[in-house]
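Peer 1: need a 3D model of the following:
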Amino acid sequence: MSDVIDQIRDAYDTVPYDSHSFPATSPEHLQTVAHLFGLSAPRVATSRVLELGCASGGNILPLALRYPESRVVGIDLSPVQIAAGRKAAAELGLSNIELHQGDLGEIAPTLGVFDYIICHGVYSWVPPEVQEAILRVCRENLAPDGVAFVSYNCYPGWKAKEVVRDAMILRGRHTGSKEQPLAYARGMIDFLSGVTDPNSLMGRIVAEQSGTLKSFHESYLQHEFLELYNTPCYFGDFVAAAETAGLTYLGDAVPSSMFVANFGASVAAPLLKECGDSQVRLEQYLDFVSNRTFRQTLLVHADRAGDVSYRLDGERLRALHVAAFLPPQGDAVLDDAPRPYGAAGSRPLILPQRSLKAAAAALTAAWPGTLDFPSLMAAVEAALPGKLPAEAEAEVTDLIELLVMQDRGKVRLNPVAKPGPALAVPDAWRRYAACTGKAGMARIANAWHESVVLDVVERCLIEHLDGTQEDEALIERLIEAVATGDLTFKIADRTASDPEDIRRCAREHLDRVRARFPERFVL
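Peer 2: Just a heads-up that it's a prediction; the model follows:
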């Protein structure tokens, strides 16, 4: 067993995993999903958070920064990645985060009790003994009202991907390149693409997975396709293992995937009849319908199973803070005729009632910030002339339910404020961007725990975006960056060199940053 652990550690030391924030793991998100399904979860601002397999801390450093009264602990097998995370924490001056190098199988209850336990991208990539240890830690170290997040590759979708993995490992095993193992193994797929019948099952599998191999980051592909362990499982088998460990299924971190209505009447009717009240059985069927490859499962202690409810309750929906971008796809007419709403190019959301259209307008104006239910109702009342329809409250509640069920918006139990007109980024996040920039890619994590990678112009400006700089001063910053070679502007196919061209380009790019600022820097 120690040899296996050594091999896994060496693999992540050699090719560190790309470490950044993952929205579905955010404790605020986990708290909100628990609320939706009938359970309360600990207050996030003062919570204790543990991440198993934290890499260099890219997912939890933003949590420690955002919630200074929280306690955050990360554990990873790779000393190289832990060292990088500790260096970043020190540069940020964070005293509420600890990063430890160690074997997950050796974690004991003495580590402490945690309100939220996160294990993202680890469970499928470790031997069975460590999988059992992960679930044991989720039981022994989880607070009584805590929530654990575990992600893993799943069948049936990974059946086809396993064929590609096996083919790549086959080539690498016999005459692989130590310098470029991924490139060498990928050559096997290039070979199969050229010789297999495109209409055969193998031909279709290779064609589908070739796109994956070209579009994802090298570190992801290395650990996904060439790692010593990658053992997908069926959802039902994972839940059974969790139950054996003393845990129970709460829900998916993406709740929209749980609702059979989203798959159409031809799927919903027979499956509801077939599965009865078994949510686990229903979702296992849906995994076959969607050929699902990856799951993000939330677990709680087994004694809470009786309190979990998958029927969305109006009172709980009305307690949410909601964000959604729902502009009209056409004329904005406040009537009772069905009309399409949503971002251009997206599948439209058909809203028939005036109350829903008024609510959509209010949400869009507040985006990417949230509105609570009283604010939504106030906006509806202000938009509708005369007496507010008696059914308006029920209609707006139904809209929130639809947004949750179809993943058309974002919800939290606490408000998220839309940034004001000033280009102001809090000092902590400006320092965070500078810190991540030293590692090669400047980024921040926004209020939704989404990783926002800064483009070259934002990177040049970020340290100056304290809300006090006038546009002309920011333009001068960009011009200085051009002079030092940190930035270049293109006009058609040539590099701008004329001072007036450079100034004009700087102004245009500042306008672009300002236009995108509210959505990218909602902090």
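
Peer 1: wouldn't residue 75 be in contact with residue 106 here?
Peer 2: No: with contact defined as Cβ atoms under 8 Å, residue 75 does not reach residue 106; the gap is 9.5 Å. No exception for glycine: its C-beta is placed from N, CA and C like everyone else's.

Peer 1: more neighbours, those two?
Peer 2: residue 75 (21 against 11; other Cβ atoms under 10 Å).

Peer 1: so that one bridges to which residues?
Peer 2: residue 52, residue 100 (DSSP bridges).

Peer 1: poorly predicted segments of this structure, please.
Peer 2: Counting by pLDDT under 70, the ranges of the chain that qualify are 1-17, 172-184, 211-226.

Peer 1: relative to the longest strand seen in it, what are the paired strands and their orientations?
Peer 2: Ranked by residue count under DSSP state E, the longest strand found in the chain is strand 142-153. Its sheet considered, strand 142-153 pairs with strand 114-119 (parallel), strand 294-301 (antiparallel) by DSSP bridges.

Peer 1: of all the ones you listed, which lies closest to residue 277?
Peer 2: The closest of the strands paired with strand 142-153 to residue 277 is strand 294-301. By Cβ to Cβ, the value is 18.4 Å.

Peer 1: how about residues contacting the closest one?
Peer 2: Contact partners of strand 294-301, identified using Cβ atoms under 8 Å, 6 or more residues apart in numbering, comprise 24, 30, 33-34, 39, 120, 138-139, 142, 144, 146-154, 157, 235, 238-239, 242, 246-254, 287, 308.

Peer 1: quick one, which of these are buried?
Peer 2: 24, 30, 33-34, 39, 120, 138-139, 142, 146-154, 157, 235, 238-239, 242, 246-253, 287, 308 (16 or more other Cβ atoms under 10 Å).

Peer 1: is it true that residue 337 touches residue 351?
Peer 2: No: with contacts defined as Cβ under 8 Å, residue 337 does not count as touching residue 351, sitting 9.8 Å away.

Peer 1: one step back: out of the strands paired with strand 142-153, which comes closest to residue 167?
Peer 2: strand 294-301 (20.6 Å).

Peer 1: then the helix or strand just after that closest one to CSV, C-alphas only?
Peer 2: Later in the chain than strand 294-301, the nearest helix or strand by DSSP states H and E is helix 314-317. C-alpha atoms of helix 314-317 as CSV (Å, rounded to 0.1, in the frame of the first residue of the first chain):
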residue,chain,number,x,y,z
GLY,A,314,-42.7,27.5,-1.0
GLU,A,315,-41.6,28.9,2.4
ARG,A,316,-38.1,27.8,1.8
LEU,A,317,-38.0,29.1,-1.7
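
Peer 1: so which bits of helix 314-317 are buried?
Peer 2: Neighbour counts using 16+ other Cβ under 10 Å place 316-317 of helix 314-317 among the buried residues.

Peer 1: what helices and strands are in contact with it?
Peer 2: For helix 314-317, the packing partners by 3 or more Cβ pairs under 8 Å, 6 or more residues apart in numbering; DSSP states H and E come out as helix 27-36, helix 392-405.

Peer 1: reformat the ones you listed as a markdown table; add distance to residue 58.
Peer 2: Shown next, in a markdown table, are the helices and strands packed on helix 314-317 (distance: least, Cβ to Cβ, whole Å):
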| stretch | distance to residue 58 |
| --- | --- |
| helix 27-36 | 16 |
| helix 392-405 | 28 |
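
Peer 1: ranking the ones you listed by burial, who's on top?
Peer 2: Mean neighbour count (mean count of other Cβ atoms under 10 Å) peaks for helix 27-36 among these, with a mean of 23.

Peer 1: who touches residue 486 in this structure?
Peer 2: For residue 486, counting by Cβ under 8 Å, 6+ apart, the contacting residues are residue 460.

Peer 1: so which strand or helix has it?
Peer 2: Residue-wise, residue 486 maps onto no helix or strand under DSSP H and E.

Peer 1: could you check how far it is from residue 477?
Peer 2: For residue 486, the distance to residue 477 equals 10 Å [Cβ to Cβ, to the nearest Å].

Peer 1: ok, now residue 434?
Peer 2: With Cβ to Cβ as the criterion, residue 434 and residue 477 are 15 Å apart.

Peer 1: so between the two, which is more surrounded?
Peer 2: Using other Cβ under 10 Å as the criterion, residue 434 and residue 477 rank with residue 477 on top: 19 against 15.

Peer 1: just to be sure, residue 350 is in a helix?
Peer 2: No: according to DSSP: H, G, I helix; E, B strand; the rest coil, residue 350 belongs to no helix; its state is strand.

Peer 1: if we ignore the residues flanking it in sequence, what's nearest it?
Peer 2: Using Cβ to Cβ, 6 or more residues apart in numbering and skipping the chain neighbours, the partner closest in space to residue 350 is residue 338 (5.0 Å).

Peer 1: tell me, how many neighbours does the one you found end up with?
Peer 2: When neighbours are counted by other Cβ under 10 Å, residue 338 comes out with 9.

Peer 1: mind listing what it touches?
Peer 2: Going by Cβ under 8 Å, 6+ apart, the list of residues near residue 338 reads 350-352.

Peer 1: have a look at this structure and report its longest helix.
Peer 2: Taking DSSP state H as the criterion, the chain has its longest helix at helix 499-520.

Peer 1: contacts for that one, please.
Peer 2: Contacts for helix 499-520 (Cβ under 8 Å, 6+ apart): 367-368, 418-419, 423, 446, 452, 457-458, 461, 471, 474-475, 478-479, 482, 489, 491, 496.

Peer 1: which residues of the stretch 201-350 of the chain fall in helices?
Peer 2: Along the stretch 201-350 of the chain, counting by DSSP state H, counting those that start in this stretch, helices occupy 201-215, 218-225, 235-244, 265-275, 279-290, 314-317.

Peer 1: mind putting the ones you listed into TSV with distance to residue 162?
Peer 2: As requested, the helices of the stretch 201-350 of the chain are exported to TSV (distance: least, Cβ to Cβ, whole Å):
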stretch	distance to residue 162
helix 201-215	10
helix 218-225	10
helix 235-244	16
helix 265-275	26
helix 279-290	16
helix 314-317	40
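
Peer 1: show me the one of those helices that comes nearest residue 92.
Peer 2: Nearest of the helices of the stretch 201-350 of the chain (Cβ to Cβ): helix 218-225, 22.9 Å.

Peer 1: residue 208 is nearest to which of the helices and strands packed on helix 314-317?
Peer 2: For residue 208, the closest of these is helix 392-405, at 28.7 Å, according to Cβ to Cβ.
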